[in-house]
Structures are given as C-alpha cells and as structure tokens.
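Undergrad: pasting a predicted model and its sequence here:
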Amino acid sequence: MGNVADLTGRRFGRLTALRPTGGRRHRSPLWLCRCICGRTHEVPVRSLQSHCTRSCGCLRRETTPRNAGYAPQPGRDVAMQRDRAAGATLAELAVKYGVSRQRVHQVVRSVRRPGESAAEPYDRRTA
Ligand SMILES: [Zn+2]
C-alpha cells in the first residue's frame, strides 16, 4: 500500500504506459502513455485500470462520427446513387463506401435500379 503501481510497459487498449509524470488528477497519479497513433497522453492511473481511457483520444475520434449520425457528403452520396442506378446492390455499396447498409438505403432509396419497379426495401435482409 502507498506505492504507486508500476505500470511501465503495460498495455491499456491503444496505450502503453511509459512512466509516471509525477502529477496527479482526481487524486490519481498521472502516467505518460504512448498511443499506437504515435501521440503521448497523460492519463490518471485510475482511468487506465478501469479501462475508461484506452487511447489518446484518437479511438473516440475514429468511432464517434460513424455512430453519431452522418455528416452529409454530397459528393459521395451522388456517386453512391450513380452506382445504384448502374445496378449495384445495397451490400456492395455499403462495402465500397464504408457505410452501413441502412445508410446506403437512405441515400439511394429514391434511385431505381434498372428493371426494378421500386427501390429495394431495406427489410429484405440477407444477413
Ligand atoms: Zn492515439
């Protein structure tokens, strides 16, 4: 008791603990960590051990935009609609543009595929 746990070299998600900074936050010793993205980040030990903090922030930056609605990307949407009109399936478009099939459906539902009377309903899941 009383000693700061030695976390040197321990991995916490994307972070590897380097050394204690000597500082504290929320009464928890701060550790300097290196993230796999190359940045360093000071993290309270408690956040590391509770797995609250698993990156320098890049993890959240990468995952949040995808989860929290979609920023309009008119250029991409137009390209998606063009591919759809050329006969691409929702699944193919989802892979090609890196978005969910539901999102593809939102973008292309007004587009008719050749030989189809209406846009393919999203409910017709194959997965
Ligand atoms: Zn990072």
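TA: Good, I have the coordinates.

Undergrad: for T40, give me its contacts.
TA: Residues near T40 by Cβ atoms under 8 Å, 6 or more residues apart in numbering: 18, 32-34, 56. C-betas here are computed from N, CA, C, even on glycine.

Undergrad: and what of F12?
TA: The contact partners of F12, by Cβ under 8 Å, 6+ apart, come to 33, 43, 48, 51, 53-54.

Undergrad: check V108 too.
TA: Contacts of V108 were listed using Cβ under 8 Å, 6+ apart, and they are 80-81, 84, 90, 93, 119.

Undergrad: again, 10 Å this time
TA: Residues in contact with V108 (Cβ atoms under 10 Å, 6 or more residues apart in numbering) are 77, 80-85, 88, 90, 93, 119-120.

Undergrad: what's the closest of these to Q106?
TA: Closest approach between the contacts of V108 and Q106, by Cβ to Cβ: D77, at 9.1 Å.

Undergrad: tally of neighbours for P74?
TA: P74: 7 surrounding residues under other Cβ atoms under 10 Å.

Undergrad: thinking again about what came up before, just the buried ones from the contacts of V108?
TA: Buried residues within the contacts of V108, counting neighbours by 16 or more other Cβ atoms under 10 Å: 77, 80-81, 83-84, 88, 90, 93, 120.

Undergrad: what about those residues, which are in helices?
TA: Of these, the ones assigned to helices by DSSP state H are 77, 80-81, 83-84, 90, 93.

Undergrad: with pLDDT and distance to G23 added, can I get those residues in JSON lines?
TA: Shown next, in JSON lines, are those (pLDDT from 0 to 100; distance: Cβ to Cβ, whole Å):
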{"residue": "D77", "pLDDT": "87", "distance to G23": "47"}
{"residue": "M80", "pLDDT": "89", "distance to G23": "48"}
{"residue": "Q81", "pLDDT": "90", "distance to G23": "53"}
{"residue": "D83", "pLDDT": "92", "distance to G23": "52"}
{"residue": "R84", "pLDDT": "91", "distance to G23": "54"}
{"residue": "L90", "pLDDT": "91", "distance to G23": "51"}
{"residue": "L93", "pLDDT": "93", "distance to G23": "49"}
